[in-house]
Every structure is written in structure tokens, then in C-alpha cells.
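>>> Structural data only, the sequence is not supplied:
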């Protein structure tokens, strides 16, 4: 299972920029629907296109492994 660390990246950017960031602001900046971001942030196993992951990495100035984590099958129950 893939675990998206979108909330962590948002918190890091808020701290760096010293301002609150809304999902709508990110969605507009990278050109995707706010509901897509909400699903990534809140649904386990959300289906996300690689183009969206690329845009998020660019926006947050991070590597893919800072945005997505692979969890072995035996850890699925621990996360959610």
C-alpha cells in the first residue's frame, strides 16, 4: 500500500513560509481539482496519476520519497 504524506508536506511548507496553506491554494497552483488533493490527503490507497505526483513534488520542492511511502502488506492494519 502507498501512504501519501501530503499533510506532512503541507505542514513543512506552512512552517517554512510562515503562513497557513489551504488545499484550494495548492490545487490552483498546480492545476488540479481540490477534491483530488483531499482524496490524497485523507483516503488510504488513493489512485493518483504520476503527473499529479510530479506537480506536488515541484510545488513542495521535495523528492518523491518525501511525498509517498510504500508500506508492506503486514503494516496496512497499523495505518488504517
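Everything's here; your move. These figures come from a predicted structure and were not determined experimentally.

>>> And the residue nearest to residue 45 when sequence neighbours are not counted, how far from residue 72?
Once flanking residues are discounted, residue 45 sits nearest to residue 1: 5.7 Å by C-beta to C-beta, 6 or more residues apart in numbering. C-beta: built from backbone N, CA, C; applies to glycine. Per C-beta to C-beta, to the nearest Å, residue 1 is found 8 Å from residue 72.

>>> Neighbour count: those two, which is higher?
residue 1 (13 against 7; other C-beta atoms under 10 Å).

>>> in the helix or strand where residue 58 lies, what counts as buried?
Using DSSP states H and E, residue 58 maps to helix 50-60. Residues of helix 50-60 classed as buried by neighbour count (16 or more other C-beta atoms under 10 Å): 52, 53, 55, 56, 57, 60.

>>> show me where pLDDT drops low in the chain?
75-80 (pLDDT under 70).

>>> Now with 90, please.
1-2, 43-46, 71-80 (pLDDT under 90).

>>> Would you map the helices across it?
In the chain, the segments counted as helices under DSSP state H are 6-17, 23-30, 34-42, 50-60, 76-79.

>>> Adding distance to residue 66, write the ones you listed out as TSV.
Below are the helices of the chain laid out as TSV (distance: least, C-beta to C-beta, whole Å):
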stretch	distance to residue 66
helix 6-17	7
helix 23-30	15
helix 34-42	14
helix 50-60	8
helix 76-79	17
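
>>> so residue 44 makes contact with residue 71?
No - checked against C-beta atoms under 8 Å, the pair residue 44 and residue 71 is beyond contact range at 9.6 Å.

>>> what does stretch 62-77 rub up against?
1, 2, 3, 4, 5, 6, 9, 53, 56, 57, 60, 79 (C-beta atoms under 8 Å, 6 or more residues apart in numbering).

>>> Now render the residues you listed as CSV, adding distance to residue 29.
Listed next are the contacts of stretch 62-77 as CSV, based on distance: C-beta to C-beta, whole Å:
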residue, distance to residue 29
1, 28
2, 23
3, 23
4, 18
5, 18
6, 14
9, 13
53, 15
56, 10
57, 13
60, 10
79, 28
